[in-house]
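# This is the structure alone, sequence omitted:
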C-alpha cells in the first residue's frame, strides 16, 4: 500500500502539471483520479492502524470494523473526487467542440506513458501481494482489494486518456477527449459503487462466509450431547474475527455441571475448526425455537448465516 501511495502522489503531480500545460480534459480527469487514489491510500493506511487496536470496555468486540468504515470513505472519495470531476471535464470538452492549439500535448502524452508504466508496476506489486496472501484470503481484505481495484482502474484510465488525447491531436476534435473523460468517470463510479456496497454490507453486520457457517453447523450437529441446532447466527466483526451465536437443544438428562463442561468443549472445537471465530456464545434451550428456525439467519437464506 505504501508503494501505491508513493506512486499515486508522484503521478498525480505530473498529471496536474501536464494537464494544465496542455489544457487537456482527459489528462485533468486522470489527475483527479490520481488525487482521489492518493487520498484513499491515506484512508486505508489509517484503517490498518486503527483496526488493530485491542478491545476495550467501550468496544468489547474490538475495532475490526474500522477497516470497513475507512474503506467506505475511500469509495466515496473515488466517487466524488474522481468520478464527478471526470464527468464535469467530459461535459465541458463536449461543449467546447474543436481545438487547434495543441501546445503541451507532447509533454502530456509523455506523462501518460510514464504513468502507465508506474501504475502498471503498482498493479503488479498489488497482484503479487494477493498471491503471497492467497487469492481468496487477499480478496477478503478491503484495503488490499481497494488497492488492486484502484491500480486496475488507473491502468485502464491512463489508456483511455492517452487514446483520447491522441485522437484529439489527430482529428482536432475535442469530442474524443470528452468521451475519454466520461469513460474514466463511469469507470470510477462503477468501482466506487462496488467497493462502497461491499463495505456497507460488512459495516451493517455481514454473516460469515457460507463455508465457515456450514462447518460450524456440522460440528454442532455432530456433538453427541446436542439433540438439535435450533439457530445459528454469525457476524463478521473484523477482517479476521467473527462472532458466533448458536441456540442448541441438549439431550435430556444432562445435569448442570455436565452442561458447562459440554459448552466449553464445543466452543473450543468451533475455535479450532474456524480460527476467525473468536467470540462464541451458546444458548441452551429445552424446546424448539420455531421463530429462530424460520429466520433467514437460521435457514441460511440471503442475508443470513
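In hand now; what should we look at? Predicted, not measured: the structure shown is a model, and the values here were computed from it.

# Could I get the buried residue list for stretch 169-187?
Within stretch 169-187, the residues that count as buried by 16 or more other C-beta atoms under 10 Å are 169, 174-185, 187. Placement of C-beta: from N, CA and C, glycine included.

# Can you give the contact residues for that stretch?
24-26, 29-30, 33, 82-87, 89-94, 96-100, 102, 105, 109, 153, 156-157, 160-161, 163-165, 167-168 (C-beta atoms under 8 Å, 6 or more residues apart in numbering).

# now that stretch: mean pLDDT?
Averaged across stretch 169-187, the pLDDT comes to 88.

# what do you get for stretch 275-292?
So the average pLDDT for stretch 275-292 ends up being 72.

# What is the nearest of the buried residues of stretch 169-187 to residue 124?
residue 187 (19.8 Å; C-beta to C-beta).

# So the closest one: helix, strand or coil?
Under the three-state scheme (DSSP: H, G, I helix; E, B strand; the rest coil), residue 187 adopts helix.

# hang on, residue 248 in a helix?
No - counting by three-state DSSP, residue 248 is located in no helix; its state is strand.

# where in this structure is pLDDT low?
Within the chain, the stretches with pLDDT under 70 are 1-4, 7, 97-102, 133-143, 146, 286-305.

# longest strand of it?
strand 226-238 (DSSP state E).

# From the contacts of stretch 169-187, keep the buried residues only.
With burial judged by 16+ other C-beta under 10 Å, the buried subset of the contacts of stretch 169-187 is 24-26, 29-30, 33, 82-83, 85-87, 89-90, 93-94, 99, 105, 109, 153, 157, 160-161, 163-165, 167-168.

# Out of those residues, list just those in helices.
Among the buried ones among the contacts of stretch 169-187, the members found in helices (DSSP state H) are 25-26, 29-30, 33, 85-87, 89-90, 93-94, 105, 109, 153, 157, 160-161, 163-165, 167-168.

# how close does residue 220 sit to residue 267?
11 Å (C-beta to C-beta, to the nearest Å).

# who has more neighbours, the two?
The neighbour comparison of residue 220 against residue 267 (other C-beta atoms under 10 Å) goes to residue 220, with 19 against 16.

# Which residue lies closest in space to that one, excluding its sequence neighbours?
Distance criterion C-beta to C-beta, 6 or more residues apart in numbering; nearest residue to residue 220, sequence neighbours excluded, is residue 229 at 4.8 Å.
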